[in-house]
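# let me see the structure of the following:
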Amino acid sequence: MDEERRRQVKIIANNIKVLLDANGMTNRDLANGLAIGESSIGKWLNGVNGPTMGTLQKVADYFRVSLDDLVTVHETKSFADPNRRYLLDKIDNSSAADLAKLRKMIDLIEGENDQRR
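Model (predicted):
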């Protein structure tokens, strides 16, 4: 494995670890969810090798994150927050009218937070 591939495998491993932790999951839970061997998960997390592109997409779909989320170095762990992913999923499936209502609700919440400061 060349140096660039090793670096990418390490980034993916770290991001999967963050996702597992954020969701209170074990390697076995993920293996069962993806219908793959637990030893494969262990190899990814230990940097022995990384998932194939197809399996990486399955991991992204499983955690409801983007492929970009899995292969990018993150300054914070917010990409793994289940609440964030839930809300983004709801937003993606909302009508324009519902999005306008949501924006008003967010503006109200922000206004309340400004008043508390």
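# could you list the low-pLDDT ranges of the chain?
For the chain, residues meeting the criterion pLDDT under 70 lie at 117.
# the chain: strands as residue ranges?
According to DSSP state E, the chain carries no segments that qualify as strands.
# in it, what residue spans correspond to helices?
Taking DSSP state H as the criterion, the chain carries its helices at 3-22, 27-34, 38-45, 53-63, 67-71, 82-92, 96-116.
# mind putting these into a markdown table with mean neighbour count?
(C-beta placed from N, C-alpha, C; glycine too.) Formatted as a markdown table, those follow (neighbours: other C-beta atoms under 10 Å):
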| stretch | mean neighbour count |
| --- | --- |
| helix 3-22 | 16 |
| helix 27-34 | 15 |
| helix 38-45 | 17 |
| helix 53-63 | 15 |
| helix 67-71 | 15 |
| helix 82-92 | 12 |
| helix 96-116 | 10 |
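# now do Pro82 against Ser40, distance only.
Pro82 sits at a distance of 24 Å from Ser40 (criterion: C-beta to C-beta, to the nearest Å).
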